[in-house]
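> mind looking at a prediction? Sequence and model below.
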Amino acid sequence: MQPLSTPPSSGRSAVDEAVATLRSRVLDGVLGPGARIVEEQAAAELGVSRHTLRAAMRQLVSDGLLRHEPHRGVHVPILTAEDITDVFRIRALLEHEAMRDVASRAYCPPDAVAALAALESLGDDAGWHEVVEYDRAFHRALIDAAGSVRISRTYAATEAEIVFCLVQLRPHYDRPVEVAREHRELLEPVAAGDVRKAQRLLDVHLRDAERNLLGSLPGVRAGSVSPDSTT
C-alpha cells in the first residue's frame, strides 16, 4: 500500500483519499475476505493519522465494504449465504422494476451504452476492477433511467455490497468479453421494447451470479439457489 505522501488531489481531503485507497484495495482483492485492518500499520502505510484512518474506515463500514465487530476490530467481511441472498433479493426487486420501465419505453440509457462499449473494449489482460466498474456503471445506468429518486437512493445504499459481490465473481469469468456479451444480450431487448424478454434475461443474469457466488462458499452446493429467490 503506497503512502499518501503527496497532498490530496482534486480537492479531496485526506479522509477521502484514504477511503479511495482502502476501497480499491478491497475491490481489487488485495485485502481479501477476512483481512483485518491493523490501525497502526494501516495508518503508517497510508501516511495518515489514526484519526483520519478511523474516519475512512467508518465510511467503508457504512458502505458495507468493511465490518466492525467487538473484540475483532475492523475487517473485510466474509460473505455468508444469507448476505448474498439478501443482496440479490434487493437487486432483483429494484433492477426488475427499472428494467420494466426502460424496456417499456424502448429506451437505452446512454450511460449503459457507454459502459457496454467500455466493457467490449477491454482486453484479456484488463484488471478485474475495470470489469467491475463498467459492470456497476451499466446496471446503475438502468436503475437511474427509471427516473425514481427513491429507487436510485435505495440502490445506492446497497451498491458497495453489490460491487463486493462482483469482485468475488472473478473466478467464474475467464475473459472480459464474456461479461460484455451478457450485458449486450441484456440491452438488445431493451432497445427493441421487449419487456418480457428483457426481464427474463435479467432474471437469468442475476440468478447465475447468485448461484456462482453461493456455489463458491464452503458447504453450499452450486445449484442451491431457490427458484423463488428472485422475481
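Great, that's in hand. A quick note: this is a predicted structure, and the numbers were derived from the prediction, not measured.

> domain assignment for the chain?
Following automatic domain parsing, one gets these domains for the chain: 14-75, 81-215.

> average pLDDT across stretch 195-202?
Confidence over stretch 195-202 (mean pLDDT, whole number) is 97.

> what does it rub up against?
95-96, 99-100, 103-104, 185-186, 189-190 (Cβ atoms under 8 Å, 6 or more residues apart in numbering). All C-beta atoms are positioned from the backbone trio N, CA, C, and that covers glycine.

> export the domains of the chain to JSON lines and tack on mean neighbour count?
Formatted as JSON lines, the domains of the chain follow (neighbours: other Cβ atoms under 10 Å):
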{"stretch": "domain 14-75", "mean neighbour count": "17"}
{"stretch": "domain 81-215", "mean neighbour count": "18"}
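
> hey, C-alpha coordinates of stretch 54-66 in CSV?
Backbone C-alpha positions of stretch 54-66 (Å, rounded to 0.1, in the frame of the first residue of the first chain) are rendered in CSV as follows:
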residue,chain,number,x,y,z
ARG,A,54,-10.7,5.7,11.6
ALA,A,55,-12.9,8.2,9.8
ALA,A,56,-12.1,6.4,6.5
MET,A,57,-12.9,3.0,8.0
ARG,A,58,-16.2,4.3,9.4
GLN,A,59,-17.2,5.4,5.9
LEU,A,60,-16.4,2.0,4.4
VAL,A,61,-18.2,0.2,7.3
SER,A,62,-21.2,2.3,6.4
ASP,A,63,-20.8,1.3,2.7
GLY,A,64,-20.6,-2.4,3.6
LEU,A,65,-17.1,-2.9,2.3
LEU,A,66,-15.7,-3.2,5.9
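
> show residues contacting that stretch.
With Cβ under 8 Å, 6+ apart as the contact definition, stretch 54-66 has outside contacts at 15, 18-19, 22-23, 26-27, 37, 39, 48, 67-68, 74-77, 158, 160-161, 163-164.

> before we move on, what about stretch 68-83?
For stretch 68-83, the surrounding residues in contact (Cβ under 8 Å, 6+ apart) are 26, 31-39, 57, 61, 64-67, 161, 164-165, 168, 213-214, 217, 220.

> ok, stretch 87-98 next?
Contacts of stretch 87-98 (Cβ under 8 Å, 6+ apart): 139, 142-143, 145-146, 148, 151, 154-155, 158, 161-162, 165, 199, 202-203, 206, 209-210, 229-231.

> what about those, which are in helices?
In this view, the contacts of stretch 87-98 that belong to helices under DSSP state H are 139, 142-143, 145, 151, 154-155, 158, 161-162, 165, 199, 202-203, 206, 209-210.

> what about the strands in the chain?
Using DSSP state E, the strands of the chain run over 67-69, 73-75.

> dump those into a markdown table; add mean pLDDT and distance to W128 as well.
Shown next, in a markdown table, are these (pLDDT from 0 to 100; distance: least, Cβ to Cβ, whole Å):
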| stretch | mean pLDDT | distance to W128 |
| --- | --- | --- |
| strand 67-69 | 91 | 22 |
| strand 73-75 | 93 | 21 |
